[in-house]
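> Starting from these lines, generate the structure:
(chains A and B)
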Amino acid sequence: MSTIALPRLSSRRTLAPVDADAPLLLARLRAGDEAAFVGLVATHHDAMLRLASTFVSSRAVAEEVVQDTWLAVVRGIERFEGRSSLRTWLLTILVNRARSAGTREARSVPIADAGPAVDRSRFDASGHWSSPPEHWVEDAENRLGAAALATLIRDALAELPARQRAVIALHDVDGLRAAEVCEILSLTPSNQRVLLHRGRSHLRQALESALGEND
Amino acid sequence: MLLSRDFVCEQAVELASDYLEGALSRRERRRFERHLAGCPHCTEYLGQMRETIRLTGRLLPEDLSPQMQAAFSELYRRWRAELPADKT
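Predicted structure coming up:
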């Protein structure tokens, strides 16, 4: 069989058409279209791996969870009823599997999601900025370059507590709607926003620290 | 979150995501925007949060390694082999 060209676009752009064509895709999978399957995997793989990594400690276990999920997906695809999107359905299966794998690994996750968005030391006693944010917004790419920025953000993401990382990965990296994120991770809308805000605050601080040093 | 009338920067930064996600009530949103109008630092902060979100959204997915691609092809063939003949 010929090699398959894998998409190199952001998943935000590649996810939607797959969902829209779910019935056609199902027909192609049943008809033995291996390329359709590998294309589907390629579209969702990165988001799944990123999400699985927030539940388990090693890349190898995360990859196992993703493979395990795909097997469950193809075996159960006849039962997919289209009540949620295909993407939400498969990410929900992934989270269930990743949670049990995480439990098997006995990796306890007491998660520190509390704490202010910006360190209190940067405000005075009356709550006004004493050490205000420096201006870097338009300069970020000129000063660090796109590749270094991407590395910086990936590293800062890796430092986040698991639930914040999962929410940022789904909402801000993969572009899922808040309602989908809540469904997949079993979060209330307000908890989802708290985690989103904590995660973004850490990423913003990482950018500010890096860009401040270049002054 | 209920805001007192004396709404300060330390509270404003906690509401940035709720504001950007459209989760504030109309009253809270007006109060937040009124604070921004008088506070260049919080305006800067909000701009940085927007830029952070934009840059995070540009991370590209990693490609499937050839090994993973082969593993998924194998997984698919295994599933096909499990299907009853009348479904193929």
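> Next, work out how far apart the closest residue to A:Ala146 other than its chain neighbours and A:Leu149 are.
Counting by Cβ to Cβ, 6 or more residues apart in numbering or on different chains, A:Ala146 lies nearest to B:Arg58, which is 8.0 Å off, once chain neighbours are set aside. All C-beta spots, glycine's among them, are computed from the backbone N, C-alpha and C. Separation of B:Arg58 from A:Leu149 (Cβ to Cβ, to the nearest Å): 8 Å.
> Which one of those two is surrounded by more residues?
A:Leu149 (20 against 14; other Cβ atoms under 10 Å in any protein chain shown).
> which secondary structure elements does the strand or helix carrying that one contact?
Per DSSP states H and E: A:Leu149 is located in helix A:146-159. Helices and strands touching helix A:146-159, by 3 or more Cβ pairs under 8 Å, 6 or more residues apart in numbering or on different chains; DSSP states H and E, are helix A:140-144, helix A:162-168, helix A:189-213, helix B:40-57.
> Now do the residue nearest to A:Ala146, the pLDDT please.
Per-residue pLDDT puts B:Arg58 at 88.
> List phi and psi for it.
phi -90, psi 0 (degrees, to the nearest 10).
> correct me, but it touches A:Ala150?
Yes: at 7.3 Å, B:Arg58 counts as touching A:Ala150 under the criterion of Cβ atoms under 8 Å.
> which non-adjacent residue is nearest the residue nearest the centre of chain A?
For chain A, the residue nearest the mean C-alpha position is A:Ala169 (1.9 Å; Cα atoms, centre = their mean). With sequence-adjacent residues excluded and distances taken as Cβ to Cβ, 6+ apart, A:Ala169 is closest to A:Arg50, at 4.5 Å.
> A:Val65 too?
A:Val65's closest residue in space is A:Ala52 (Cβ to Cβ, 6+ apart), at 4.4 Å.
> Repeat that for A:Gln205.
A:Val118 (7.5 Å).
> picking that back up, mind pulling the model confidence for the residue nearest to A:Val65?
For A:Ala52, pLDDT reads 92.
> Count the neighbours of the residue nearest to A:Ala169 for me.
24.
> pLDDT below threshold where in chain A?
Within chain A, the segments meeting pLDDT under 70 span A:1-22, A:104-114, A:213-215.
> Report the residue ranges of every domain in chain A.
Split into domains by automatic domain parsing, chain A comes to A:11-104, A:136-213.
> between the ones you listed, which one is nearest to A:Arg122?
Evaluated with Cβ to Cβ, the domains of chain A place domain A:136-213 nearest to A:Arg122, the distance being 10.1 Å.
> Tell me how many other residues surround B:Ala70.
B:Ala70, neighbours per other Cβ under 10 Å, totals 12.
> shouldn't A:Glu180 be in contact with A:Thr88?
Yes: using Cβ under 8 Å, A:Glu180 is in contact with A:Thr88, at 5.0 Å.
> quick one, helices of chain B?
Ranges of helices within chain B are B:9-12, B:16-20, B:26-38, B:40-57, B:66-82, based on DSSP state H.
> err, chain A, not the other one
Under DSSP H, chain A gives helices at A:11-20, A:22-30, A:34-53, A:59-76, A:86-104, A:140-144, A:146-159, A:162-168, A:178-185, A:189-213.
> Turn the ones you listed into CSV, including distance to B:Leu20.
Below are these laid out as CSV (distance: least, Cβ to Cβ, whole Å):
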stretch, distance to B:Leu20
helix A:11-20, 17
helix A:22-30, 31
helix A:34-53, 22
helix A:59-76, 30
helix A:86-104, 23
helix A:140-144, 18
helix A:146-159, 18
helix A:162-168, 14
helix A:178-185, 11
helix A:189-213, 9
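> most packed of those helices?
For those, average neighbour numbers computed from mean count of other Cβ atoms under 10 Å in any protein chain shown are highest in helix A:162-168, which has a mean of 24.
> Which neighbouring elements make contact with that helix?
helix A:146-159, helix A:178-185, helix A:189-213.
> List of residues touching that helix?
A:51, A:53-55, A:109, A:111, A:113, A:157-158, A:160, A:181, A:185, A:187, A:192, A:195-196, A:198-200, A:202-203, B:56 (Cβ atoms under 8 Å, 6 or more residues apart in numbering or on different chains).
> export the helix or strand bottoming out on mean pLDDT in chain B as PDB, just CAs?
The weakest-scoring helix or strand in chain B, judged by mean pLDDT, DSSP states H and E, is helix B:66-82 (a mean of 75). Extracted C-alpha coordinates of helix B:66-82, given in PDB (Å, rounded to 0.1, in the frame of the first residue of the first chain):
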ATOM      1  CA  PRO B  66       6.100   5.600  11.100                       C
ATOM      2  CA  GLN B  67       6.100   3.000  13.900                       C
ATOM      3  CA  MET B  68       2.800   4.400  15.200                       C
ATOM      4  CA  GLN B  69       1.400   4.500  11.700                       C
ATOM      5  CA  ALA B  70       2.300   0.900  11.200                       C
ATOM      6  CA  ALA B  71       0.800   0.000  14.600                       C
ATOM      7  CA  PHE B  72      -2.500   1.600  13.700                       C
ATOM      8  CA  SER B  73      -2.600  -0.100  10.300                       C
ATOM      9  CA  GLU B  74      -2.100  -3.400  12.100                       C
ATOM     10  CA  LEU B  75      -4.800  -2.500  14.700                       C
ATOM     11  CA  TYR B  76      -7.200  -1.800  11.900                       C
ATOM     12  CA  ARG B  77      -6.500  -5.100  10.100                       C
ATOM     13  CA  ARG B  78      -7.000  -6.900  13.300                       C
ATOM     14  CA  TRP B  79     -10.400  -5.200  13.700                       C
ATOM     15  CA  ARG B  80     -11.400  -6.100  10.100                       C
ATOM     16  CA  ALA B  81     -10.400  -9.700  10.700                       C
ATOM     17  CA  GLU B  82     -12.800  -9.700  13.700                       C
END
